[in-house]
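J.: Pasting the sequence and the predicted model now:
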Amino acid sequence: MKERILKKMQCILIPLYLLFITLPASAQFNKVKGKVTDENGKGVPGVSIQVRGSQGGTSTDAAGNFSLNVPNGNETLVASFIGYSTKEISVNNRTTVNITITPDTKALGEVVVVGYGSQLKKEVTGAVQTVNAKELKDLPVSQVTQKLQGRLAGVQINQTTGKPGQGMSVRIRGQLSVSAGSDPLYVIDGFPITGNISSLNPDEIQDISILKDAASTSLYGSRAANGVVLITTKKGRKGQTNVSLNTFAGLQQVPQRGRIQMMDAVEFAQFKKEYYEDAGQPVPAEFQNPSQYEGKNNDWFGALLRTAPLQSYNLTLTSSTDKVSTALVAGVYNQEGVVINNTYKRYSLRMNTDYAISDKVKIGFNLAPSYVFDNTPRTDGDRGTGILFNALHTWPVMPIYDENGQLTEFNRFPESTGNIFDYPNWVRAAYELVNETKTTNLISNTYLQYQPVKGLTLKSTFNIEYLNSKFFFFNPSTATNNINVPIPTTAATIRQNTENVTWLNENLATYSKSFNDHNFELLAGFTNQRFHQDFTRIQADTYTDDRLPTIQGALNINRGGTNNDVNEWSLTSLLSRLTYNYKGKYLFTAAFRSDGSSRFGSANRWGTFPSASVGWVMSDEDFFQKYRKISFAKLRASYGVIGNNNIGNYTQYALVNNTVNAVFGNTVATGAAVTSLANSNLGWETTKQFDAGLDLGLFNDRIQFTYDFYVKNTTNLLYNVQIAQESGFGNFNDNIGEIKFWGHEFAVNTRNTTGKFKWTTNANISFNRNRVLALADGIDRVYGTFHITKVGQPFGQFYGMVAEGVYMNQSDLDKNPQIPGRSTIGSIKLKDVNGDGIITNGGDNDDRAIIGSPFPKFTYGIVNTLQYGNFDLSVVGSGSYGNQLLVRHLYSTANLDGVFNLVKEVKYRFRSEANPGKGFYGTTVGGGNVTGIERDWMNSRFIADASFFTIKNITLGYNLGIKNKVFSSARLYGSIQQVYVFTNYWGGPNPETSAQGDGNGDGGNLSQGIDLSNYPVPRTYTLGINLNF
Amino acid sequence: MKVQIIIAFVVVFAITSCSKSLDVPPETTLSSATFFKTESDFKQAVNAAYVPLRSIVNDRAWVLGEMHSDNTYYYRNILFGNTENYENVADFSIPTANGITTNSNVLNQYRLDYQIIARTNQILAQIDNGDFDAVSKADLKGQALFLRAYAYFELVRYFGKVPLHLTPVTNRSEAALPLSSSDSIYAQIIKDATEASQSLLPKSAQEAGRATSGAAKTLLANVYIEQKKWAEAETLLRDIVNSNEYSLMPDYNDVFSTSTTNKNNAESVFEVQFMEGSGGYSGNFLYNFLPQPMTATELQAITGVSNPQALSGAGASGEGNNAPTPDIIAAYEPEDKRKEASIAYVTLSGSLRENKVYPYIKKYAKIHALYNNTGINWPVYRYAEVLLFLGEVLNEQGKGSEAVTYVNQVRDRAFGTGVSSITTTSQPELRDIIFRERRVELAFENKRWFDLVRSGKAVEVITAYGNRVKSHPEDYYYPAGTVPPNNAFTNIDLVYGLPADEAALNPNF
């Protein structure tokens, strides 16, 4: 299998290598000498000198002298040195070329994309972090958010599952909501998209700006509260035509380390034997001799995994003339998952064109179609439905393959062995179930820009996003992902079709004017956006022939699972912004957006979102000039109001469900019931955010430092408030409560060494906190299945019993509080938190307590890049400290009744007073009445520290100093993704996981941090090539 | 110049679209603003008010009304935990503090009854304004009143005091009300049931399965009996008997519906309707009433299903429930044909007990086509109970000789005409006879617990029963070496505690 994949890779890579072999190996060079001096005439050592358009080159010696071979006398030399402007000078057939370089204000002259425009980095007054696509190259992953891990202060990015194309959780400044969404708003080329960012080809990206504070985001009004990610795609650059091919191929594998240690067949049989012996019952024949299973272990989890290949090809063409500039990116991404039969393929194309009709008029259009094919076995989910979870706890004595080498259909031992479940073959489920999604996506932007007079720009844009997603699920009669379903099962299909169309029209006017060191820019505009979704789902079952899973082939259409739906919203907005600065030193920005939304109640239709920010570039002051070591210093402060409108499209209405049908005799009678309460006051969630920041540059900007402090209060949380069900309703949609968030973010970029050996470090650390200040009147807590959200505490804390070992003997049992009717010697001992002498679980005054938090104390990241000659190396790390996970799978994998396979640790359970084990797992004697406590009652044994530091990526690259008629440059690199996870987490391989509603919790933000043994994150080894033509 | 035209066009387009309304109501769901206008609307709303009854009788009522008595117990399967919500009810050990309990069966029963109440309140608040046929309106209103009275009658007997909601809740502040006394709840039930009995159609004119004037009168009579208002009950019960709308089925075996036929038969006064199939209207209580683990073959012998599966872990609690106790089995007199019609035996090859033979409830075990999916109706009131009620109210008023005639109608069917007639007219003797007669005639129909409470014998009977369970666990289906939990039979309250989850949301209790 592995060999086959390697062969495949060779087929792909060998032709590429062949291209190089045919290259001419040498050419005729002339020698050029010279000296590089600074503005004071002093020689500068370590300046890199290159011939333009080539790789390689040299650097100056201690006195600033250099000598270099050039192909001919018409070449141009490029001198570059950190902290200085890059200088280009033509050789003009000279043999001595002296160069003077001047300090660079380029870092500060950098332009940053902000909402509805761009600004000089120096003059930005909000909390904005930018990432250039160059920094993200080489990472062999499918999604841009994966590439951002470890790089951003204040942004927690977790990879919750290893499914290709899925599972990234992005939280900016810890923003959370009870029931409205918490994902940031993604804006691609000015268009706030409604679809999924994961289908965007990362190679299309030019740069990314992350807007964190209210001043930066407030122009996105009622959608800004979770932060905004602005993505700009590639554009043609003036006077250049460039064609490049980027390709990589690799292999992925799930490391052994971190996998959950389950009993093997012998250990399991031994456990079963002891189980019956301890209970004084006869041992079933199957388990009387555990050693009979020697060499017959079945690793069900391992059987679902494989080594899998991935490949990526990207062709980029950029071209620009006086009138037309074009960028074209064509990409193919093909990843097989590490779970068998998992495939992810993406074909994408982007064409960005700008056309200057005249000096005053410009038009442009971007067109970006993509197609994604994804087939994923039903890997994730709780016991019973997720095949990875199911595989974990399937008895290892049950054969995966029968004696003929065929996959078994399902396994069942006699009832007398305690086997109360049918175990279908999960490998068969992975192979035979079809669970595929085909997504076609088209994003297009068109604009017309007109400059009637100098300084005034009028721009109208029209944007359309189209998404069509076809989902097909087929469960043949021979397999199932559900536990306890015997084979043959009832074959069933689901066909689901979703079509979204979003259009956005924006009309903006920008006027900028400068006089006497006063610089103004004024922006005003209005926008309209509308979203329409059509959804159809048909569920059918009972097939006579598995080969034809059509709808017409089914004997039964499942009415309960068949429906269609239309979802719509519209948003009309006015926006304006004033930016003013004096001498580029005193900075001020004020912005305002007003949103009218169909989602808001009729009595509360328009929301206004103002913000203001100020900045002071201290280092431009005269008095500051004596602090020579501080090359740049800026203080920033901002305040603003932003909203979250992810409150559902129709939550304001009282809905009547007309499928509450009755039966009379044998006749169905249509019934209708009011199922929700109307709230005409319903509105957006409001977040008021204050931010203060400091930007510092030290030693000529060799060290750049940024610090931000923020505090924000989110009020009017959309919350489906539980109400007494004597009302006939469970909930009332209301805006209630208040959560306070605050945090500190530090980011530092350093150039540790310059010259021939270059080493830079980017590091960041963030401390995010939250606390619930209020919930609804009369409600001070919200219970989840495993969580509590309580006034005065952080959001969604783990809530349950406090485990204190097991009752070691009769006196231990007698002197400690017990669970009436259930506690025995050897059973779990729980803390009597309320001190009433008995242990109870449930109600407001029981013995549950807060036993952990899914929120980290801090998160951090570090990126090191090193360059020596033609070699470059980068290492990316990302970490989190102080968060915990609920090891939810233990309720099955440590079920002491022996109905499932168990984690190895259960070997050390309490067996008798003489053999009490490690005090973690209790006695098996007494059946579910006893063992059910430690399994079914949420308790602190399930909570595990999930702090981690992961080396996300190591890439080693080599620039081939090639220049010929075909290539202008070529670079070869090897990369390892998900290199190593440093962690004490014992609950599973991925400390970043969070089931978030996939499982047994109540879903959403109230129940974060549940480990259901989801799709593991593989380690990926790749080789890649970048070619420029 | 061209450019200016384009720009003007874009701007105009944008402004016109801007002025479009931001009202985007749901297209694929009705909203309450447009509902409750036509006859059809009200009919649909009434239909929906019946729906919670399915869940009540399928999942809950037998737990709280039958297993919470000496009639049935659970089939302990020691492989299962997390069964306490059922076991505690049968063991009279429901954890209750300050009148509040976390038991999920109690909670769900409470919520389902209020679902009926909320749906009927919506109807009753608006139906008088509806402009449609008066006969139809009276009948629909009567059905809503009947269902509301039925739901409150359940609540008042289970809990004593509960909140009294009579108008629809429209916002959060109206959701939770204080507890009303059982007297005021009974007053409302009597008011609703009286009006219902006057406006509903008789059975012969009503669509089969809906509430009728006879059903409302039976309900009202039951309420009066509960309150020992014998004379008021007598009038109503005589009305029913004299209406000639009802008669006993000749054979006790034919009293209960099958999965597809014999529904709403001549004896049926009110029953909860189920329908077999994938439409979502089926029941599966039969499966909850079978001992486990049962193999597919053993199950098929009982259910006749074409796609049998082994029965283990299916059903509500992971072990079989509603197991007939030795006590109910012994309560049948010799020659009583009802015993064989009500209880049968099955041998479980996979049983962990030495004695692998178990009794199970036979009266609902009708063959059907689909696994875990039946259309067997649940009897709420039937004519046999009307006759026993009438016998009871006559006896309580000292009219023993007339009372006997009604009781004997029921006994004649059970034993054969005149075979085992009651002759005594002694009031206390006859009271005991009727009490026992109700137990066997109405066994497994969720009457036993209410009868025990109403008769004042609950504590005495259950205490003695508890002692039998604890001293002979093997007789109550415990595998050898296992015993009832040590808190069994420690909490013999006459009402259930109010549900904790609701207490958390209602500041009044």
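T.: Okay, I see it. Numbers count the residues shown, from 1 in each chain, chains lettered A, B, ... in the order given.

J.: Spatially central, which residue of chain B would that be?
T.: Centroid-nearest residue in chain B: B:Val57, 3.8 Å away (criterion: Cα atoms, centre = their mean).

J.: Just say helix, strand or coil for it.
T.: Under the three-state scheme (DSSP: H, G, I helix; E, B strand; the rest coil), B:Val57 adopts helix.

J.: Ok, the one 4 residues further on next?
T.: Of the three states, B:Ala61 takes helix under three-state DSSP.

J.: and it, how many residues sit next to it?
T.: The tally of other residues near B:Ala61 (other Cβ atoms under 10 Å in any protein chain shown) stands at 23. For glycine as for every other residue, the C-beta is placed from the backbone atoms N, C-alpha and C.

J.: can you map out the strands along the stretch 201-350 of chain A?
T.: A:205-211, A:228-233, A:241-253, A:308-320, A:324-336, A:343-356 (DSSP state E, counting those that start in this stretch).

J.: Please disregard the earlier target; I meant chain B.
T.: With DSSP state E, the ranges of strands along chain B come out as B:30-31, B:72-73, B:96-97, B:100-101, B:162-163, B:179-180, B:268-272, B:323-324, B:343-347, B:357-361, B:378-382, B:498-499.

J.: residue ranges with poor pLDDT in the stretch 251-400 of chain B?
T.: Low-confidence segments of the stretch 251-400 of chain B (pLDDT under 70): B:312-318.

J.: do the same with the stretch 551-700 of chain A
T.: Checking the stretch 551-700 of chain A against pLDDT under 70 turns up nothing.

J.: For the stretch 601-750 of chain A, which residues are neighbours of chain B?
T.: The stretch 601-750 of chain A comes close to chain B at residues A:602, A:605, A:649-650, A:653-658, A:660-666, A:668-674, A:677-679, A:721-729, A:732, A:734, as judged by Cβ under 8 Å from any Cβ of the partner chain.

J.: for B:Asp451, what are its contacts?
T.: Contact analysis of B:Asp451 by Cβ atoms under 8 Å, 6 or more residues apart in numbering or on different chains lists B:435, B:438-439.

J.: Model confidence score at it, please.
T.: Here, the pLDDT recorded for B:Asp451 equals 98.

J.: and the gap between it and chain A?
T.: Separation of B:Asp451 from chain A (Cβ to the nearest Cβ, to the nearest Å): 27 Å.

J.: Can you give me the separation between that residue and A:Ser514?
T.: Separation of B:Asp451 from A:Ser514 (Cβ to Cβ, to the nearest Å): 94 Å.

J.: Then A:Thr572?
T.: 33 Å.

J.: The two: which is more packed in?
T.: Higher neighbour count among A:Thr572 and A:Ser514: A:Thr572, with 23 against 11, using other Cβ under 10 Å.

J.: Could you say which one of the strands of the stretch 201-350 of chain A comes nearest to chain B?
T.: strand A:343-356 (12.2 Å; Cβ to the nearest Cβ).

J.: for the helix or strand following the closest one, packing partners?
T.: Counting by DSSP states H and E, the next helix or strand C-terminal to strand A:343-356 is strand A:361-375. The contact analysis (3 or more Cβ pairs under 8 Å, 6 or more residues apart in numbering or on different chains; DSSP states H and E) places strand A:361-375 against strand A:343-356, strand A:434-450.

J.: Many thanks, we can stop here.
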